[in-house]
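Okay, predicted coordinates and the sequence, questions at the end:
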Amino acid sequence: MRAAVVTRFDESPRFADFPLPSELAPGEEIVNVVAAGLHPRVRSQADGSHYTSREELPLVPGIDGVARTADGELRYFILPDTNLGSMAEQTIIDRRRSVVLPPGADPIQIAAAMNPAMSSWVALRRRIDFRPGQKVMILGATGNAGRLAVQVAKHLGAGKIIAVGRGADRLDGLGADSTVSLDGDGQSLAAALGDEGKDVDVVLDYLWGTPTRDALYAIVPRRANDDQVLSWVQIGSVAGVESAIPSAALRATKLQLIGSGQGSVSTSDIVTELGALAAAVSTDAFSIRARAVPLHNVQDAWGQATQTTERLVLTV
């Protein structure tokens, strides 16, 4: 079998031979991969930096994808931590960690959207008591996952969506109700964040680091209602893996600071959400910028992934 194979954590995967296991565990089956998304999570898997890394080589990267089963079904699947990922001609799935795709679903769009959309979908559906009509702020809204978070929040009934990120031109096309550019001077940025955050219910944070500290300093003193809970959901750490949270933020408002990701959300909870999410991202309400790249061009795709706002999908 041919696959994208990682033999060194400091090198891109190469298209090479990789053996399928000779034995399958109960419930497992071999499937033909159709499409697998090249997500940031996959890149951290391939360079050994993700917190779940076991540092075992060689490995085939890829944590999810679309595959065709032996009985002809087209399924979206997620994989456990394994050295045989989805970026291969074939992989091994457990049907209990997969869902049949809706009729007419585009495998490329599904493979591109499910992982980044899942971060905000699961956060709002499984980590907090989110209710339609609540106001949502998204820190890091111009990234792939952040852009989809705007669409997810809208789909789930958010009353107002505030997109925060870099590049005013990129913010304008997101479909949010209002925007805050991180490119402004410190005083203007603090004023804008404080004004927009004074009555926000939920913050989906893909940045962490200094932007989170600065946002809390700006927002907490402006909170208009002491009884209103501020649910701050840490999802990504694009701006830094550590953030100096001001102690007063924990005392001066009803701040609910939680994380959302692999481990804090159980696999069973994630799998439960797959069907509804797949149906949602298959509708015209979601706009996904995806580009297919043949699996044998995996090295080129790896180099392009950080230079484009498109979601790259490896296809077989």
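Looks like it arrived, so ask away. Residues are numbered from 1 along each chain as shown.

What segments of the stretch 51-200 of the chain are helices?
In the stretch 51-200 of the chain, the helices defined using DSSP state H, counting those that start in this stretch lie at 107-122, 144-155, 168-172, 186-197.

can you tell me which residue is nearest the centre of the chain?
When Cα atoms, centre = their mean is applied to the chain, the residue found nearest the centroid is P116 (2.7 Å).

what sits against that one?
P116 makes contacts with H39, N144, A145, L148, R311, as judged by Cβ atoms under 8 Å, 6 or more residues apart in numbering. From N, CA and C alone the C-beta is placed, and that goes for glycine too.

same thing with A301?
By Cβ under 8 Å, 6+ apart, A301 lies in contact with L38, V293, L312, L314.

I'd like those as JSON lines, with secondary structure, neighbour count and pLDDT appended.
JSON lines is the format used below for those (DSSP: H, G, I helix; E, B strand; the rest coil; neighbours: other Cβ atoms under 10 Å; pLDDT from 0 to 100):
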{"residue": "L38", "secondary structure": "coil", "neighbour count": "27", "pLDDT": "95"}
{"residue": "V293", "secondary structure": "strand", "neighbour count": "18", "pLDDT": "97"}
{"residue": "L312", "secondary structure": "strand", "neighbour count": "23", "pLDDT": "95"}
{"residue": "L314", "secondary structure": "strand", "neighbour count": "28", "pLDDT": "98"}
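
Walk me through the domains of this protein.
Split into domains by automatic domain parsing, the chain comes to 2-106+282-315, 116-259.

okay, how far is it across the longest one, tip to tip?
Looking at domain 116-259, the gap from its leading to its trailing residue is 16 Å under the measure Cα to Cα, to the nearest Å.

what mean pLDDT does it have?
Mean pLDDT, computed over domain 116-259, is 95.

same check, this time on stretch 64-74
96.

What's the local residue count around E11?
Using other Cβ atoms under 10 Å, the number of residues around E11 comes to 12.

right, I mislabeled it, should have said T7
Neighbours of T7 under the rule other Cβ under 10 Å: 11.

One more: P19?
8.

now swap in D71 and tell me
Using other Cβ under 10 Å, D71 has 6 neighbouring residues.

Kindly provide the distance from it to G27.
For D71, the distance to G27 (Cβ to Cβ, to the nearest Å) stands at 15 Å.

Next: S231.
Distance of S231 to G27, given as Cβ to Cβ: 36 Å.

Settle it for me: which of the two has more neighbours?
Shown here are S231 and G27; by other Cβ under 10 Å, S231 has more neighbours (22 against 10).

My reading is that that one lies in a helix. Confirm?
No: assessed with DSSP: H, G, I helix; E, B strand; the rest coil, S231 is strand; it does not lie in a helix.

Test of understanding: give the bridge partners of it.
With DSSP bridges as the criterion, S231 is bridged to V202, Q256.

wait, what's in contact with it?
Applying Cβ under 8 Å, 6+ apart, we find S231 in contact with I128, F130, D201, V202, V203, Q256, I258.

ok so, going back, now the contacts of A301 as TSV including distance to A105?
Below are these laid out as TSV (distance: Cβ to Cβ, whole Å):
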residue	distance to A105
L38	19
V293	20
L312	19
L314	18
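
And stretch 153-169, end to end?
For stretch 153-169, the first and last residues are 21 Å from each other (Cα to Cα).

contact partners of it?
With Cβ under 8 Å, 6+ apart as the test, stretch 153-169 has contacts from 120-121, 124-125, 130-143, 146, 150, 171, 174-183, 193, 196-197, 200, 204, 215, 280, 285-286.

of those, buried ones?
For the contacts of stretch 153-169, a burial check counting by 16 or more other Cβ atoms under 10 Å picks out 120-121, 124-125, 130, 134-143, 146, 150, 171, 174, 176, 179-182, 193, 196-197, 200, 204, 215, 280, 286.
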